[in-house]
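Trainee: Coordinates for the following, if possible.
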Amino acid sequence: MSGLISDLQRRTLVDVLRVAFPHSTFPIGPYQRTADAVIAKAAGDARLLALLVQGLYDVDQQRELPFSELDAETAE
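Mentor: Residues are numbered from 1 along each chain as shown. Below is the predicted model of the structure:
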């Protein structure tokens, strides 16, 4: 990754996008590219980057497990 966020944070962002915008026929690629676009946009704005990092942290803290480890039903 670019170093702006960790690999785990990127995975969380991809998984959040998959849950927020479910498409049963989409492979993971479009979600990964969207996550990369969000990260790239945040790279140019320290405030936006801080919001992104804090939001990903908050999502992971809402349950006993990190968001990416939740089963599909719980993640929804």
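Trainee: what comes up buried for the helix or strand encompassing residue 58?
Mentor: Per DSSP states H and E, residue 58 falls inside helix 46-61. By neighbour count on 16 or more other C-beta atoms under 10 Å, the buried set for helix 46-61 is 49, 52, 56, 59, 60. Every C-beta, even on glycine, is put in place using the N, C-alpha and C of the backbone.
Trainee: And residue 49, how close does it get to residue 14?
Mentor: Per C-beta to C-beta, to the nearest Å, residue 49 is found 17 Å from residue 14.
Trainee: ok, and the helix or strand in this protein with the lowest average confidence?
Mentor: helix 72-75 (a mean of 86; mean pLDDT, DSSP states H and E).
Trainee: Give the other helices and strands that it contacts.
Mentor: Contact partners of helix 72-75 among helices and strands, from 3 or more C-beta pairs under 8 Å, 6 or more residues apart in numbering; DSSP states H and E: helix 7-20.
Trainee: How about the contacts made by the residue nearest the centre of the chain?
Mentor: Nearest to the mean C-alpha position of the chain, counting by C-alpha atoms, centre = their mean, stands residue 13 at 0.5 Å. By C-beta atoms under 8 Å, 6 or more residues apart in numbering, residue 13 lies in contact with 5, 35, 38, 39, 52, 56.
Trainee: Leaving aside the residues adjacent along the chain, what's closest to the fifth one?
Mentor: Counting by C-beta to C-beta, 6 or more residues apart in numbering, residue 52 lies nearest to residue 42, which is 4.8 Å off, once chain neighbours are set aside.
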